[in-house]
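Student: below: sequence and its predicted model.
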Amino acid sequence: MSLDSKPRRVTVMSPQTEAARRRPSLTPPVAELADQTDVGEVYIRALIRAQLVLALRVAAVFLVLVAGLPLLFALVPAAGRLEVGGIGLPWVLLGLAAFPLLTLLGVVYVRQAERNERDFEALVDRG
């Protein structure tokens with residue numbers, strides 16, 4: 001180093017400042033949803049997908065149980081001729097038993113849908 005050359009300037013920084021620069025900025029999920037970013041869209045799609053899967057499962061159970069009854073009576077004709085309290089079994093199952101089944105499926109669906117929404121809210125609030 002020669003006498004007329006100036007010493008090189010060095011910038012001194014805090015280690016925390018440098019670490020903060022390297023750390024990716026994390027945007028809370030609430031902001032992602034409010035700003036309608038791609039990440040927010042992924043959150044919404046996940047909720048919609050969970051609700052759709054739930055609806056399809058409940059519909060499948062309903063179809064198997066209720067729509068499967070005519071198939072049962074076609075395959076086992078003796079079951080179609082049975083009577084309960086003077087009323088044919090097909091009428092009892094389709095006319096009376098279907099309504100409690102629908103109510104039960106509705107209750108299960110609402111509880112599971114609300115659980116999906118609570119899980120979604122917890123995910124969004126956690127961020």
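Tutor: Good, I have the coordinates. Residues are numbered from 1 along each chain as shown.
Student: can we go C-alpha only for contacts and neighbour counts from here?
Tutor: Will do.
Student: need the contact list for the most centrally placed residue in the chain.
Tutor: What sits nearest the mean C-alpha location of the chain, by CA atoms, centre = their mean, is residue 50, with 2.5 Å. Under the criterion of CA atoms under 8 Å, 6 or more residues apart in numbering, the neighbours of residue 50 are residue 116.
Student: quickly note the distance from it to residue 6.
Tutor: With distances taken as CA to CA, to the nearest Å, residue 50 is found 66 Å from residue 6.
Student: count the neighbours of residue 102 for me.
Tutor: 14 (other CA atoms under 10 Å).
Student: leaving out chain neighbours, which residue sits closest to it?
Tutor: Counting by CA to CA, 6 or more residues apart in numbering, residue 62 is the residue found nearest to residue 102 once chain neighbours are left out, at 7.7 Å.
Student: three-state assignment of residue 5?
Tutor: coil (DSSP: H, G, I helix; E, B strand; the rest coil).
Student: would you mark the buried spots in the helix or strand hosting the residue nearest to residue 102?
Tutor: For residue 62, the host element (DSSP states H and E) is helix 38-62. Within helix 38-62, the residues that count as buried by 16 or more other CA atoms under 10 Å are 40, 43, 47, 50, 51, 54, 58, 62.
Student: using CSV, list the CA coordinates for the helix or strand that comes right after it.
Tutor: On the C-terminal side of helix 38-62, the closest following helix or strand by DSSP H and E is helix 68-75. C-alpha atoms of helix 68-75 as CSV (Å, rounded to 0.1, in the frame of the first residue of the first chain):
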residue,chain,number,x,y,z
GLY,A,68,-79.3,-49.1,-4.0
LEU,A,69,-82.7,-50.2,-2.6
PRO,A,70,-84.4,-50.7,-5.9
LEU,A,71,-81.4,-52.8,-7.0
LEU,A,72,-81.7,-54.8,-3.8
PHE,A,73,-85.4,-55.4,-4.5
ALA,A,74,-84.7,-56.4,-8.1
LEU,A,75,-82.0,-58.8,-7.1
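Student: elements contacting helix 68-75?
Tutor: Helix 68-75 is packed against helix 77-81, with contacts defined by 3 or more CA pairs under 8 Å, 6 or more residues apart in numbering; DSSP states H and E.
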